[in-house]
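Participant: Need a 3D model of the following:
(one chain, ligands or ions: 1)
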Amino acid sequence: MGWETGISWTWHRRGVAANRTELDLLLLEAGVPLAALEAAGSQADLQWLLTRPKYGFVWQDGVVYQRGGSGNVIDGCSKVGEHEMSGCLGCYAAISDENKGRVAVPGWHAKDAAQNIKLRPRMLDELLAWQRRLEKVDQTRRVFLDSMSDLGHTQIDSLDPDYRQRTLEVISRCDRIEAWIFTKRPGTLAAVKGYPKNVVLGTSVASWLDLRRLHTLARVSQANPDIPLVASLEPAVGPMGTLPWLELPQYRMAIFGGESGSHIRPLRLEWAEDVRRQTLAAQAQTGIALFEKQTSAHPNEVRLLLGGCYYWQWPGELYPAIQASAETAARTARLQHLLSDDDLRAMISRYPDMPELAYHWSEAAAL
Ligand code: SF4
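Facilitator: Next up is the predicted model:
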């Protein structure tokens with residue numbers, strides 16, 4: 001097969017330029033209609049097409065990356081805390097489901113979990129179908145499982161005590177898929193024994209107030225020593241404090257990002273700088289990867305830039321910092337919403353036990 005648009009663009013698979021055959025197969029596997037590709041008349045057309053969520057690609061600075069897919073074996077969720085520092089406060093899944101009228105009780109409050117959470121076993125069949133397609137094209141794919149819910153939710157056990165185990169059993173039969181499972185309820189997932197080896201587990205931390213989740217999830221290593229762990233430090237709505245990378249070397253990746261969408265809470269770049277500094281310092285000893293995503297912006301995601309560059313590393317693939325184009329830098333500068341000095345000072349007064357802002361604490365205190 002072939003398609004020519006006359007447009008010059010680069011294909012990267014996990015950051016590494018792939019050959020054209022691999023690209024063709026991946027586009028096919030992702031279900032991108034070839035006719036639409038051939039009809040794309042400009043780079044903007046291609047970008048629009050390939051970055052539709054269903055195809056799972058990301059476009060950054062003229063480079064296309066394979067993002068992997070996502071699939072949900074659960075419908076619905078409920079918020080873990082609704083205070084100002086909760087990562088669930090602006091949950092995009094809740095907003096999206098409410099906008100589509102798919103929610104029994106809007107708000108995804110904890111008390112409504114029984115009405116709002118349903119099992120979605122047809123996704124298990126879908127995973128098996130993906131496995132068959134991937135075998136056919138001899139490819140693998142990273143799948144973000146339950147991007148719109150939480151496999152650690154205990155409501156699942158009330159609906160079907162075997163469902164979580166059944167999900168893992170299906171994943172174990174899909175060796176072409178690397179299933180990334182993120183939770184805000186790490187205690188539930190840490191208690192599971194016998195994860196298949198194609199699972200990556202992660203937990204989300206929105207500020208130093210959630211740091212204990214990293215330790216809780218790490219308990220999973222006692223029964224599953226080979227499962228890699230990921231720390232999702234997003235949406236970052238406060239400083240992270242001291243990250244336990246040396247104490248918990250099973251964390252293979254730190255993802256950092258600000259909040260985007262209609263409910264953004266602004267970011268302080270010092271928080272991002274501190275995560276970068278700590279993670280790169282630990283990298284030499286543990287190999288932990290750093291993946292920096294978006295800054296805090298509305299309505300669309302905007303690249304987080306520190307010193308004009310960003311890191312897009314994966315476990316075992318520790319690429320150097322990527323220099324952003326002047327266009328991206330200008331867009332970031334124009335659209336990002338940063339926490340003002342006044343709001344930072346107010347935050348410090350509300351949280352007297354906020355970790356020492358080693359980064360610019362003296363400046364913040366002197367505001
Ligand atoms: S745990 Fe995740 S999916 Fe569930 S409410 Fe919170 S942010 Fe949304």
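
Participant: May I see the buried residues of the helix ranked longest in the chain?
Facilitator: Using DSSP state H to assign secondary structure, the helix with the most residues in the chain is helix 269-286. Neighbour counts over helix 269-286 (16 or more other C-beta atoms under 10 Å) mark 269-272, 274-276, 278-280, 282-283, 286 as buried. All C-beta spots, glycine's among them, are computed from the backbone N, C-alpha and C.

Participant: got the residue ranges for the strands in the stretch 201-350 of the chain?
Facilitator: Assigned by DSSP state E, counting those that start in this stretch, the stretch 201-350 of the chain shows strands spanning 229-233, 251-256, 289-292, 309-310, 322-323.

Participant: closest one to residue 353 among those?
Facilitator: Shortest distance between residue 353 and the strands of the stretch 201-350 of the chain, using C-beta to C-beta, is found for strand 229-233: 19.2 Å.

Participant: Which residues does that closest one contact?
Facilitator: Residues outside strand 229-233 that contact it (C-beta atoms under 8 Å, 6 or more residues apart in numbering): 180, 182, 200-206, 214, 217-218, 220-221, 240, 243, 248, 250-257, 275.

Participant: measure residue 104 to residue 113 for me?
Facilitator: Taking C-beta to C-beta, to the nearest Å as the measure, residue 104 falls 10 Å from residue 113.

Participant: One more: residue 164?
Facilitator: Distance of residue 164 to residue 113, given as C-beta to C-beta: 16 Å.

Participant: and the stretch 151-300 of the chain, which residues reach the ligand?
Facilitator: Contact residues, the stretch 151-300 of the chain versus the ligand (C-beta under 6 Å from any ligand atom): residue 184.

Participant: Count the neighbours of residue 301 for me.
Facilitator: 17 (other C-beta atoms under 10 Å).

Participant: Quick check: it touching residue 260?
Facilitator: Yes - between residue 301 and residue 260 a contact is recorded at 4.7 Å, counting by C-beta atoms under 8 Å.

Participant: Checking residue 48 next. Helix, strand or coil?
Facilitator: helix (DSSP: H, G, I helix; E, B strand; the rest coil).

Participant: where's the residue of the stretch 151-300 of the chain found nearest the ligand relative to residue 72, distance?
Facilitator: At 4.1 Å from the ligand, residue 184 is the closest residue in the stretch 151-300 of the chain, using C-beta to the nearest ligand atom. Distance, residue 184 to residue 72, by C-beta to C-beta: 15 Å.

Participant: Listing request: residues of the stretch 251-367 of the chain with sub-threshold pLDDT.
Facilitator: For the stretch 251-367 of the chain, the stretches with pLDDT under 70 are 356-367.

Participant: closest one to residue 352 among the strands of the stretch 201-350 of the chain?
Facilitator: Shortest distance between residue 352 and the strands of the stretch 201-350 of the chain, using C-beta to C-beta, is found for strand 229-233: 22.6 Å.
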